[in-house]
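Q: please work out how this folds:
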Amino acid sequence: MNAGPASNQTTGAPSPAKVFDMLLAFQQTAALRTAIELDLFRHVGEPQDVKSLAARCGATERGMRILCDFLTINGVLEKDGNVYRHSPMSSLFLDPRSPASLAPISRFLGDPMVTSPFDHLADIVRTGRTSLPGQGTVEAENPVWVEFAHSMAPMMAPMAGPLGKIVLEGTSGDLLVLDIAAGHGLFGIEVAKQAPRARVVAQDWREVLKVAKSNAEKAGVGDRYETLAGSAFEVNYSGPYDIVLLTNFLHHFDFATCVALLRRVRVALKPGGKAAALEFVPNEDRVSPPMAAAFALTMLAHTLAGDAYTFRELEAMYHQAGFAHVTAHPVPTGPHTVVTARAV
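A: Numbers count the residues shown, from 1 in each chain. Purely as a prediction, here's the structure:
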């Protein structure tokens, strides 16, 4: 008699399923990245059998059958007899022809600099810092951020619109906006789109800014989009600015470093100007909501002292840097929160 998971569910006894899920999760990652690499999600847009998919993807029939079955088991594809088709999820988020496709982010999330620290996580937990050399992922001119700028725009795009509305609330007329660590540039670009009289200065490393500038030109705001190459901790911001954006940046550093950066930001702002940080903000229990709270592990693996900061911690940073009126604005389209403050 099989006394496995079904029996556990009936009696309410603990199940080992989560243990196996976590230990074998690498298989799901590898299967999804392989399907993206083989362009499977483009070809399965028209339902196909194994033979057709194998030919189109340049794979063996055995390999394609097993991969597609695994993806079906995990709810990514659907199967009818010998024919595979998109699930609603894969059609929207994995078919490269979909405007909402997240497939490009596999390039950044699969980069060895992103994945390799997790092979040494026990040592990282022991030492409390990344196993990557230098400053980790924030090492100067790190090429991984060029890949980030190219790859991660689809993930960030849904948050750009809400962020623009939040930071522009209560403003009008001519605006000067500084976008620190602009990356792909989508957030500053969105502000420029929503505020036709806004000029944006994007700060980041030179090669990263080439991507942001290209995106700004494609969005039709290139004539109001300037670039400022260099370190956010050293470059002359100039100004004074009406708004400063700090999107997905503070979490890379320890508390004191964040305060020092925010002091530079306050000096660059007009009196009453607004700073807006986009962050994963866990609750005070640090275990909820799951995605925001779990991001702390990414910072442990990739940085010297970064973290997922709670609202109270971000509020304290702002106050120590000379800001007031600190407010949290959860983004409805993602796991982030925009934390704004006013320069005094």
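
Q: show me the strands in the stretch 201-344 of the chain, by range?
A: Secondary structure of the stretch 201-344 of the chain, counting by DSSP state E, counting those that start in this stretch: strands at 225-229, 241-247, 269-279, 323-330, 337-343.

Q: output those strands in CSV; the columns should cover mean neighbour count and mean pLDDT.
A: In short, each C-beta sits where N, CA and C put it, glycine included. Converted to CSV, those look like this (neighbours: other CB atoms under 10 Å; pLDDT from 0 to 100):
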stretch, mean neighbour count, mean pLDDT
strand 225-229, 19, 97
strand 241-247, 25, 98
strand 269-279, 21, 97
strand 323-330, 15, 97
strand 337-343, 22, 97
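
Q: now render the ones you listed as TSV, adding distance to Asp123.
A: TSV is the format used below for the strands of the stretch 201-344 of the chain (distance: least, CB to CB, whole Å):
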stretch	distance to Asp123
strand 225-229	35
strand 241-247	31
strand 269-279	27
strand 323-330	35
strand 337-343	32
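
Q: identify whichever of those lies nearest to Met22.
A: strand 269-279 (26.1 Å; CB to CB).

Q: what angle separates that closest one from strand 241-247?
A: For strand 269-279 against strand 241-247, the angle by axes from the mean of the first three to the mean of the last three CA atoms, to 10 degrees is 20 degrees.

Q: for the strands of the stretch 201-344 of the chain, which one sits closest to Arg85?
A: Between these, strand 323-330 lies closest to Arg85; by CB to CB that is 35.5 Å.

Q: contact partners of that closest one?
A: 166, 262, 266, 275, 281, 311, 314-315, 318-319, 336-344 (CB atoms under 8 Å, 6 or more residues apart in numbering).

Q: mind redoing it with 10 Å?
A: If you take CB atoms under 10 Å, 6 or more residues apart in numbering as the criterion, strand 323-330 is touched by 162-163, 165-167, 169, 262-263, 265-266, 269, 272-279, 281, 289, 292, 311-312, 314-319, 336-344.

Q: so where's the chain shaky on pLDDT?
A: 1-11 (pLDDT under 70).

Q: is Ala324 bridged to anything, and to what?
A: Here Ala324 shows beta-bridge partners Arg342, assigned using DSSP bridges.

Q: how near is it to Leu245?
A: Here the criterion is CB to CB, to the nearest Å. By it, Ala324 lies 19 Å from Leu245.

Q: is it true that Met291 touches Leu297?
A: No: checked against CB atoms under 10 Å, the pair Met291 and Leu297 is beyond contact range at 11.3 Å.

Q: quick check: neighbours shared by these two?
A: Ala308.

Q: check contacts around Ser238.
A: Ser238 neighbours (CB under 10 Å, 6+ apart): 176, 178, 201, 228, 268.

Q: any idea how the chain splits into domains?
A: 15-96, 136-343 (automatic domain parsing).

Q: next one: the longest one to chain centre, how far?
A: Remark: domain 136-343 is offset 12 Å from the chain centroid, using CA atoms, centre = their mean, to the nearest Å.

Q: ends of it, how far apart?
A: 31 Å (CA to CA, to the nearest Å).

Q: and stretch 175-187, end to end?
A: With CA to CA as the measure, the ends of stretch 175-187 fall 15 Å from one another.

Q: Gly136 contacts Ser116, correct?
A: No: counting by CB under 10 Å, Ser116 is not a contact partner of Gly136; they are 11.4 Å apart.

Q: neighbour-wise, which of the two wins?
A: Gly136 (21 against 12; other CB atoms under 10 Å).

Q: and the more buried one, what does it touch?
A: Residues near Gly136 by CB under 10 Å, 6+ apart: 113, 117, 129-130, 142, 252, 299, 301-306.

Q: if we use 8 Å, what do you get?
A: Contacts of Gly136 (CB under 8 Å, 6+ apart): 129-130, 302-304.

Q: what do you get for Asn236?
A: No contacts exist for Asn236 under CB under 8 Å, 6+ apart.

Q: nothing else from me, thank you.
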